[in-house]
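K.L.:
need a 3D model of the following:
(chains A and B)
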Amino acid sequence: MTPAIEMKGITKFFTSTQVRANEGVDFSVEPGEVHALVGENGAGKTTLMNILYGLIKPDSGDIFIDSQNVQIGHPDDAIKHGIGMVHQHFKLVPSFTVAQNILLGIEPNEAGFLNQQKENKLVDELAKKFNLPVDPAARIWDLPVGMQQRVEILKVLQRKAKILILDEPTAVLTPQEVNELITVIRGLSRLGYTIIFITHKLIEVMTVADRVSVMRGGKMMGTKKVSETSIPELARMMVGREVLLRVKKKDIQRGETVLEVRNISVADVNGLAAISHVSFQVHKGEIVAIAGVSGNGQTELVEAISGMLHLDGGEIIFKGKTINEASVGERRDLGMAHIPEDRMVVGLNLQTTLDENLIVSKYNHSEFSRYGFLLMKAISDFAEKVVKAFSIAAARPGEGIAMLSGGNLQKVVVGRELSGNPSFIIANQPTRGLDVGSIEFVHKTLIEERDKGAGVLLVSVELDEVLALSDRILVLYRGVIQGELNTATATEEQVGILMAGGTLEDLKQQQKTSEPSDKWEVK
Amino acid sequence: MKDQRLRKLLDAILVPLLAVLSGLVVMGILILFLKKPLFESYATLFSNGFGCREYGNCIFITALERATPIILTGLSAVVAFRSGMFSIGQEGQYLLGAAAAAWLGYAIHLPPILHALVIMIAAMLVGAGYGWIPGILKVKLGVNELLATIMLNSIAALIIEYLVQFPMRADTSAVAHSPVIDESAQLMAFLPGSKWGVGFVIAVIAVIVVYYYLWHTKPGYEQRMAGQSRKFALFGGISSDNSAVRAMLISGALAGLAGAIEVTGVHRRIMTGFSVGLGFDGLTSAILGQIHPIGVFIVAILFSGLKLGAQIGLQLQLGIPRELGGTIIGFIVLFVAAGKLYEQGILRARDWFTRRRGTNLKGESP
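P.N.:
Residues are numbered from 1 along each chain as shown, chains lettered A, B, ... in the order given. Reported below is the predicted structural model:
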C-alpha cells in the first residue's frame, strides 16, 4: 500500500532559539489509519506537523503525498492536498456562530449577500453526515471546549480534508469529552479518513491508535504497531531510559497536624458559594489528596488556604496559629509552599528572567535583599543552585524562561517552592500537561518531601495520580467533602462514585443488585 | 554569555534604529516633493541639530538643553508603564509642577541653592500628588488610568492658563506671564549664552536612579512584577495595588521635577502657552526608547536635535517649513508602532548570518 503521507529527512533549525527541532526525521502514515505521534514536550512533534501543514518551512527534506513529491509552503497548499489541522489552541471567532466559523471564507453567497439559513442548513447536513451533532446557530463563546473542538474538526472536514492532524486534542478536554473524541476519531477512521494524533498521554495511544511513532529530541525514534507494543516500552522510547510509571513510596510516618481548616466557606469570583463548610486536617509526613471533577471548588479552596482569596467563614489554623488574616507573604514565611494549577499565568511570570521568577516568594528575605536593595549576586547564585538541584536542563540564570517547555517550567516552579524546606505544600494539579518523564520527577519530589516530614495537600482530577501518591483521599463535590477514604484500601470505583456525588452506600447497593445502572455515570 | 548580552541589546535597539532610518527616508521623499536639494537638506539637518559651528558654539548643547525636560517626562512614563499603569498624565503633572515652581520662585525668598532645592522638592510633591489621583482612582474604583490622565491633563492645562492670566500675572503686557523668579531660584548654566546646565545633570542622575530603582531594589522589583502579571504578583505575595499607587507617585514626581527645571533653568517664569507638549514628547521617547531609562535618554536627545535641525537649519537656511522636524518624529513613532513590518526581514537576515557562521560551527547542537 502506498503511504498517504511520507516525510523524508525533514530537518529544521530555529535560529532565533538555537534549537534543532527536527533532525533528519522520516515519517510515514498509511491511508485510513489512526497514527499517534508521541514524544515529550519539545521533542519536535508540533514542529514536524507544522511543516506538514505548511506553517513552517523545513531547512531540508521532502514531503510525498500519495507518492507525489509536493511543496507545501503555506496552509493553503496543505488544504489543497487534503490535509487539515486542528490546533491545540482553537482558531475560532468566539463571537461568531458555529456555522459562520465553519464556513468562514467559503460562505455560500448570493451576489455577495450572506444567507444565514442556507449556512445553517449546510452545516447541519455536514454534521449529520459525519455524525457530529452541533447547533449551527450557537455562538462559540457559549460552547464547552469539547464542542468547540468538534467545530474545528467540522471546519477541517468542510474544506475536504482527507488527512486530519490533531495537535494534542485531549489536553484541554475533560475525561468524558476525551471519550467522545475517541469515538469521533474511530468513526472518521472507519469512513476512510487518515488521522494523525499528537499526544503525550500513552494510555490514549493504546486506546485509539493503530500505529504509533515516537520522537525524542528532534529525532524519530521509531514507529510501532500499537498491538505489538506496550506503555512501558513507549515510555522508554520517549524518555530514553526506564520510567517509573508509578513511584514507590515508604510507609507513612504520620506526625502532628500542620494544617487544619475548620468549617470554611469561600465564594468564587461571582460571589457564589464555591466551598461550603469544609473541614479537614493535614498532618506532617502525609499526602492528602483532594480528588474531584474539576470545577467543584478546588481552585477556591487552594486560593483560600494560600491566602489569595478571603474566607467567608470558618478558620484556617497553620502550625497551631490562626492565619485567617495573614497575607500570602506571611503564610509563605511560616513555611507554606504552593504549586499552582496554572504555571503559565499564576506560577510564573514568563516575561521576566529565571532569577526574578525564582525569588518572587523570597525577595523579602534578608538572604536576597538588604535595606531595600536586591542582592543580585546572591540571587543569581540561588538561581544557579536551583537549576542544579532540580536539573532544569534548558534554564540559564539571568535569561528568560518563555522558551522553556512545560516540563521545565514546572521544574522552575517546583524548584522555587521546595527550596527552603517548606513544612506544608499545596500541589494543585502539579502534573497537568506534563510528559511522563516530568510527571515522574514531580511525583518523586513530592514523595521525597513527604518522607522528609512535610504535609502535602495534593489537588488532582487524575484518579491515577490520586491513588498513586496520596495517603488519604478527600473527595470534593460541589464545594463539600463528599467522603473520605484511606488510599491503602480505596478502590477506583469508590473514588469514582464519590466524585459523581454518590455515597459509598450507593456503591454497595449497586454492587449487590449488580444491575447495570447508568445512574452514577459522570455526566 | 557576553555574546548573549550583546545579542539582547541588538534585539532591543534594532527596531527603533530601523524606524529612525525609515523616518529619515520619508523625510527625503518629502523634501523631493518640495523641490529642495536632498543631500544638502540632510547635511543641514544634522549639522544644525547635532553639530558645532565653531569652538564653544554648539547647537548640540542646545539639543541637550531641550532634551532635559523630555528625559524627565520620559522617565516618568517609563516608571508608570513598567508598573503596568498606562498613564499618559506626564503633561498635566509637568504643568502643575512648573506652576508650583514659578510661584515659589517669586513668592518666597531663600538663599541660593536652598531656594532651588525647595522649589524642586515642592514641584515633585505637587506632581506626585497629581499622579496619585489616577493611581488611587484605579486601585479603589477601577477607573481606567488612561482616561483619567487624559482628563487630568486638560484640567491642568486650564489651571495653569488661569493662574497665568489672573492670580500670578505679573503685568498687563499682551502676553500674560508670571513674575520672573528670584535669582536665588535660578539654575546655573554651564556656558554663557546657553541654558544647558545643572538641570541636565539632574536629568542624567535621574536616568541612573530610575534604572537602579526599577531593576535593583525591592520596590522596583515589586512594581515590575505587578506590572507584568497581577496574578503572579498576588501568588507571590506582592500587593499590586500598592505597587500601582507607588508607581504613579514616582511617575508624577519625575514629571513635576521636569516642570521645575524648565521654569528654574530655562524660562524663569510661566506664561500663556507654556504647555507645548513636552509631556507628550516624553511619552513618545519612552515608547521609542523601549521603555528603558537609557533608551529614553538617547531618544530624547535625538528628538530635540531633529527639531532644532529642522527649525534652525531647514527653515532658516533652506526655507523648508520647520514642521518637517515634527513630521519626521511622527513618522518615526509610526514606524516603531509598525515594528512588525521589519520582523520578517530581520528574521531572514539573521537566518542568512547564522547559516554563514554555521559552516564554522556546524553540527553543534543547542
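K.L.:
quick check: residues of the stretch 201-350 of chain B near chain A?
P.N.:
B:216-219, B:221-222, B:224-225, B:228-229, B:231-238, B:347, B:350 (C-beta under 8 Å from any C-beta of the partner chain). Bear in mind the C-beta positions are built from the backbone N, C-alpha and C, glycine included.
K.L.:
could you rerun that using 10 Å?
P.N.:
B:212-213, B:215-222, B:224-239, B:346-347, B:350 (C-beta under 10 Å from any C-beta of the partner chain).
K.L.:
now, those that are in helices?
P.N.:
B:212-213, B:215-216, B:218-222, B:224-228, B:230-236, B:346-347, B:350 (DSSP state H).
K.L.:
show me which of these are buried.
P.N.:
The neighbour count (16 or more other C-beta atoms under 10 Å in any protein chain shown) marks B:213, B:215, B:218-222, B:224-228, B:230-236, B:346 as buried among those.
K.L.:
list the contacts for the nearest residue to residue A:496 once chain neighbours are set aside?
P.N.:
Nearest in space to residue A:496, with sequence neighbours left out and distances taken as C-beta to C-beta, 6 or more residues apart in numbering or on different chains, is residue A:463 at 7.1 Å. Residues in contact with residue A:463 (C-beta atoms under 10 Å, 6 or more residues apart in numbering or on different chains) are A:175, A:289, A:291, A:473, A:492, A:495, A:496, A:499.
K.L.:
show me what contacts the first one?
P.N.:
In other words, residue A:175. Here residue A:175 is in contact with A:293, A:294, A:461, A:462, A:463, A:522 (C-beta under 10 Å, 6+ apart).
K.L.:
in those, find the pair that's most separated.
P.N.:
A:462 and A:522 (14.1 Å; C-beta to C-beta).
K.L.:
and these two? Which one has more around it.
P.N.:
In this view residue A:462 and residue A:522 are compared by other C-beta atoms under 10 Å in any protein chain shown, and residue A:462 has more residues nearby, 16 against 12.
K.L.:
thought that one was touching residue A:439?
P.N.:
Yes - contact criterion C-beta atoms under 10 Å: residue A:462 and residue A:439 qualify, at 9.5 Å.
K.L.:
in the host helix or strand of residue B:42, what counts as buried?
P.N.:
Assigned by DSSP states H and E, residue B:42 falls within helix B:38-50. Across helix B:38-50, burial judged by 16+ other C-beta under 10 Å covers B:41, B:42, B:44, B:45, B:47, B:48, B:49, B:50.
K.L.:
stretch B:155-171 now?
P.N.:
Buried-residue list, stretch B:155-171, by 16+ other C-beta under 10 Å: B:156, B:157, B:160, B:161, B:163, B:164, B:168, B:169.
K.L.:
which of those residues fall in strands?
P.N.:
Using DSSP state E, no member of those sits in strands.
K.L.:
and which of those is nearest chain A?
P.N.:
residue B:156 (31.7 Å; C-beta to the nearest C-beta).
K.L.:
tell me the secondary structure for the residue nearest to the closest one when sequence neighbours are not counted?
P.N.:
Computed as C-beta to C-beta, 6+ apart, the closest residue to residue B:156 that is not its neighbour in sequence is residue B:92, at 3.5 Å. Classification of residue B:92 using DSSP: H, G, I helix; E, B strand; the rest coil returns helix.
K.L.:
in three-state terms, label the residue nearest the centre of chain A for me.
P.N.:
Centroid check for chain A by C-alpha atoms, centre = their mean gives residue A:433 as the closest residue, at 2.7 Å. On the three-state scheme (three-state DSSP), residue A:433 is labelled coil.
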